[in-house]
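Q: sequence and predicted model, in that order:
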Amino acid sequence: MELQIIQNKIYEIRGQRVMIDRDLAEMYGVETRVLNQAVKRNIERFPDDFMFQLSESEFKNWKSQIVISNSNTMGLRKKPFVFTELGVAMLSSVLNSKTAIQINMGIMRAFVTIRQTLMVDPMQSANELKLELKELKAYIEDVFTDYNDINEDTRMQIELINQSLAELHTHKIQNTKPRNKIGFISEE
């Protein structure tokens, strides 16, 4: 299954990235009730940090996001169970089939990709932005060699670029303060 399709089925609920039971069942090629029955038969493998059921308000909010007109015909009469990354990993042992194992590997890759995307160093992004702004400023100044020939809009754009560069520089200085060391400090 394509990574982007899986990533689109990962939601953030209660501050955790989760997948809905019906989406997982569809990926595994089983009915939602079959997936949930397998989980209930092995409930000791699914503590609260692996799986939980949506509250009524979470359920209504989720249904409104996916725009379902008739919940009775879409199989959404009951509040769905959602599985965290750990719960999805456990599902492969409960649904012990080749399809479940293959799909599980794709889902684990999607969770890892999302985690890596969220862990991008903000200073690296700021440095890249600063470099792009400098290049843009140099380009504008190169095209308009004589500052007096620049119209008011272009002059304002250059000023905004200078202001943005100054803000990035100030932000970098604020974030480079030395941190206190963490850990045990021996008094010798």
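A: Now that the structure is in, tell me what you want to look at. Residues are numbered from 1 along each chain as shown.

Q: I'd like the next helix or strand past the helix or strand containing Asp142.
A: Asp142 belongs to helix 122-143 when elements are defined using DSSP states H and E. Per DSSP H and E, helix 122-143 leads on to helix 152-175 as the next helix or strand towards the C-terminus.

Q: quick one, that next one and helix 122-143 angle?
A: Angle of helix 152-175 versus helix 122-143, following axes from the mean of the first three to the mean of the last three CA atoms, to 10 degrees, is 150 degrees.

Q: and for Asp49, the neighbour number?
A: When neighbours are counted by other CB atoms under 10 Å, Asp49 registers 11. Where C-beta positions appear, they are placed from N, C-alpha and C, glycine not excepted.

Q: stretch 104-121: which residues count as buried?
A: Asn104, Ile107, Ala110, Phe111, Ile114 (16 or more other CB atoms under 10 Å).

Q: show me the contacts for Gln16.
A: Thr84 (CB atoms under 8 Å, 6 or more residues apart in numbering).

Q: may I have the phi/psi pair for it?
A: Backbone geometry at Gln16, expressed as degrees, to the nearest 10, gives phi -120, psi 150.

Q: next: Asp49.
A: Phi and psi for Asp49, reported as degrees, to the nearest 10, are phi -80, psi 0.

Q: and if you look at Phe46?
A: phi -130, psi 70.

Q: cool, Glu31 as well?
A: Taking degrees, to the nearest 10 as the convention, Glu31 sits at phi -70, psi 150.

Q: kindly export the lowest-mean-pLDDT helix or strand in the chain (C-alpha atoms) in PDB.
A: Least confident element among the helices and strands of the chain, by mean pLDDT, DSSP states H and E: helix 152-175 (a mean of 71). Provided in PDB are the C-alpha atoms of helix 152-175 (Å, rounded to 0.1, in the frame of the first residue of the first chain):
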ATOM      1  CA  GLU A 152       8.200  52.100  -4.000                       C
ATOM      2  CA  ASP A 153       6.900  48.500  -4.100                       C
ATOM      3  CA  THR A 154      10.300  47.000  -4.700                       C
ATOM      4  CA  ARG A 155      11.900  49.300  -2.100                       C
ATOM      5  CA  MET A 156       9.300  48.000   0.400                       C
ATOM      6  CA  GLN A 157      10.100  44.400  -0.500                       C
ATOM      7  CA  ILE A 158      13.800  44.900   0.100                       C
ATOM      8  CA  GLU A 159      13.000  46.600   3.400                       C
ATOM      9  CA  LEU A 160      10.800  43.600   4.400                       C
ATOM     10  CA  ILE A 161      13.600  41.200   3.500                       C
ATOM     11  CA  ASN A 162      16.100  43.200   5.600                       C
ATOM     12  CA  GLN A 163      13.600  43.200   8.500                       C
ATOM     13  CA  SER A 164      13.100  39.400   8.200                       C
ATOM     14  CA  LEU A 165      16.800  38.800   8.100                       C
ATOM     15  CA  ALA A 166      17.300  40.900  11.200                       C
ATOM     16  CA  GLU A 167      14.500  39.000  13.000                       C
ATOM     17  CA  LEU A 168      16.100  35.600  12.000                       C
ATOM     18  CA  HIS A 169      19.400  36.900  13.300                       C
ATOM     19  CA  THR A 170      17.900  38.000  16.600                       C
ATOM     20  CA  HIS A 171      16.100  34.700  17.000                       C
ATOM     21  CA  LYS A 172      19.300  32.800  16.400                       C
ATOM     22  CA  ILE A 173      21.100  34.900  19.100                       C
ATOM     23  CA  GLN A 174      18.300  34.200  21.600                       C
ATOM     24  CA  ASN A 175      18.500  30.500  20.900                       C
END
